[in-house]
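>>> sequence and predicted structure, then a few things I'm wondering about:
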Amino acid sequence: MRLKTMLLALLVSGSILLSGCAGFGDDSLLHPPKTTGKEAEIEKLIGETAGGGYMLKYPRSGQYRSAVVTEDFNNDKKDEAIAFYRTGTGEPSTHMLVMYDNGKNWKIAGDYETKFTDIDRVVFADIDLDGLSEIFVGFTGFTGAINELRIFDFSEDMSSVSELDFSASYSGFTADDYDRDGASELLTFSLKTADTDAEARLYDYADGALYSLSSCEMDPEIGRYDNICSGRLSDETKGVVIDGVKDSVYSSQVIFYDYAEAELRNYPYTTSKKRNPTVRSMKIFSGDIDNDDIIEIPKAGEAPALSTEEETVIPVINWSTLNSETAKLTDDKSCLMNPDFSYYLTLPESFKDTTVATLSKDSRTLKVYALSGDEKGGLIFTIKVSDVGSAKKMSGYKTLESYNQYRYTYKIDENMPIYISDTMLKESFSIYETSSGTDI
Ligand SMILES: [Ca+2]
Ligand SMILES: [Ca+2]
Ligand SMILES: [Ca+2]
Ligand SMILES: [Ca+2]
């Protein structure tokens with residue numbers, strides 16, 4: 001079984017999926033290639049408005065990565081368009097141009113100008129429940145150190161756009177219905193800096209303005225958020241899982257609105273005084289690994305401390321889901337992960353607590369041994385990754401799969417102390433798409 005969908009699912013699971021989104025390709029040119037129809041009209045309007053040289057700007061993160069996003073915001077079967085560009089002449093500035101189709105021509109609904117040099121991300125969500133998505137734009141500088149969020153709203157006839165009286169600095173943000181009232185809320189996250197506390201904050205909307213509904217502490221030790229995954233944590237609860245890193249050690253924080261207590265919570269940081277059970281040295285990110293629309297969080301099992309020079313003992317990764325009532329993680333699926341070569345093995349029941357796995361220094365060889373007390377016992381099987389086309393003989397190894405430039409092979413030891421068949425091993429093996437550590 002090949003699970004290509006695993007990280008694809010991870011990458012989109014947090015996004016608010018609006019249909020009909022389209023981009024203009026990946027060029028970042030002063031003068032994009034001439035196009036036809038709607039795109040040409042939009043392009044012409046951008047050119048006329050920018051006047052002279054301009055450079056399209058592409059959001060760095062998030063679901064929408066195009067410099068021009070077309071989307072039907074008010075469901076009237078006509079798209080509206082949002083374009084980002086930077087002027088190259090005089091005092092440089094970044095523009096967000098919002099355009100609408102009045103039935104005859106494309107017109108400007110708004111031209112927002114800022115000194116920020118780049119766009120971090122764009123999110124669309126309906127926070128006032130009028131059926132029309134608001135535009136959430138995160139602006140950022142060259143270094144990406146400062147991100148500032150602004151929100152824009154179309155007028156009812158789509159002919160103008162106004163900015164809400166709101167701004168927030170953030171390290172990450174998402175929008176979804178986190179409190180089960182049908183409307184989206186805004187959720188922002190901040191890393192600890194000299195000026196800011198590490199916190200998550202949920203903003204709700206009332207009487208034309210956003211207000212802070214609830215906030216919770218986040219782990220101030222975390223230096224970077226590598227993966228932000230917004231979506232369903234359980235059947236009832238939506239939330240966000242944030243995988244962060246500090247000194248090459250990864251951990252997850254699960255932010256959700258506690259419906260009963262009416263407050264934002266962070267599992268495990270503010271709900272448990274114990275060590276974060278999601279701490280792991282392997283670069284593995286949370287995501288919906290089994291496509292059931294619920295986010296799983298990787299929890300590293302305890303690996304026996306064996307003295308091995310050539311090999312590193314790797315822990316079993318228990319993919320878990322949050323029970324928001326008890327604020328505990330429930331283990332769903334136990335795997336051995338090899339993130340360097342994007343595969344995992346689902347362990348048979350008979351291997352739990354009876355085996356230990358190691359990876360070679362170059363991660364190409366994974367070995368599973370029986371546990372003998374606290375020591376490494378007999379070898380059960382080996383998985384080796386070689387380059388496709390490599391002339392090196394892999395004596396005794398059988399092929400599991402070839403994928404991209406790699407061939408995945410295995411050898412079951414003839415003296416295996418715990419039984420595994422070729423079929424069992426093949427069925428337990430899955431390849432997944434490599435994650436680059438992008439957030440949603
Ligand atoms: Ca429309
Ligand atoms: Ca709205
Ligand atoms: Ca809501
Ligand atoms: Ca899932």
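In hand now; what should we look at? Ligands and ions are numbered 1, 2, ... in the order given.
>>> quick one: name whatever helix or strand follows the helix or strand containing residue 44.
Assessed by DSSP states H and E, residue 44 sits inside helix 37-50. Using DSSP H and E, the next helix or strand after helix 37-50 towards the C-terminus is strand 54-56.
>>> what lines up beside that next one in the sheet?
strand 80-87 (antiparallel) (DSSP bridges).
>>> give me the buried positions along the helix holding residue 44.
With burial defined by 16 or more other C-beta atoms under 10 Å, the residues of helix 37-50 counted as buried are 39, 41-43, 45-46, 50. No exception for glycine: its C-beta is placed from N, CA and C like everyone else's.
>>> burial measure for residue 124, as a count.
Neighbours of residue 124 under the rule other C-beta atoms under 10 Å: 22.
>>> ok, and the closest non-adjacent residue to it?
Of all residues not flanking residue 124 in the chain, residue 133 sits nearest, at 4.0 Å (C-beta to C-beta, 6 or more residues apart in numbering).
>>> repeat that for residue 360.
Nearest to residue 360 is residue 311, by C-beta to C-beta, 6+ apart, at 5.7 Å.
>>> now swap in residue 405 and tell me
Residue 405 sits nearest to residue 388 (C-beta to C-beta, 6+ apart), 5.4 Å away.
>>> again, but for residue 56
residue 67 (3.5 Å).
>>> what is the burial count for the one you found?
Neighbour number of residue 67 under other C-beta under 10 Å is 25.
>>> verify the stated contact: it with residue 58.
Yes - at 5.1 Å, residue 67 counts as touching residue 58 under the criterion of C-beta atoms under 8 Å.
>>> still on that earlier bit, tell me the pLDDT of the residue nearest to residue 124.
On pLDDT, residue 133 comes in at 93.
>>> just the one 3 residues further on next, same as before
At residue 136 the predicted local distance difference test score is 97.
>>> and it, that's in a helix?
No - Residue 136: not assigned to a helix; according to DSSP: H, G, I helix; E, B strand; the rest coil it is strand.
>>> secondary structure element holding the closest residue to it other than its chain neighbours?
Using C-beta to C-beta, 6+ apart and skipping the chain neighbours, the partner closest in space to residue 136 is residue 123 (4.2 Å). If you go by DSSP H and E, residue 123 is part of strand 118-125.
>>> run the angle between that strand and strand 80-87 for me.
170 degrees (axes from the mean of the first three to the mean of the last three C-alpha atoms, to 10 degrees).
>>> tell me what strand 118-125 is packed against?
strand 94-101, strand 134-140, strand 172-176 (3 or more C-beta pairs under 8 Å, 6 or more residues apart in numbering; DSSP states H and E).
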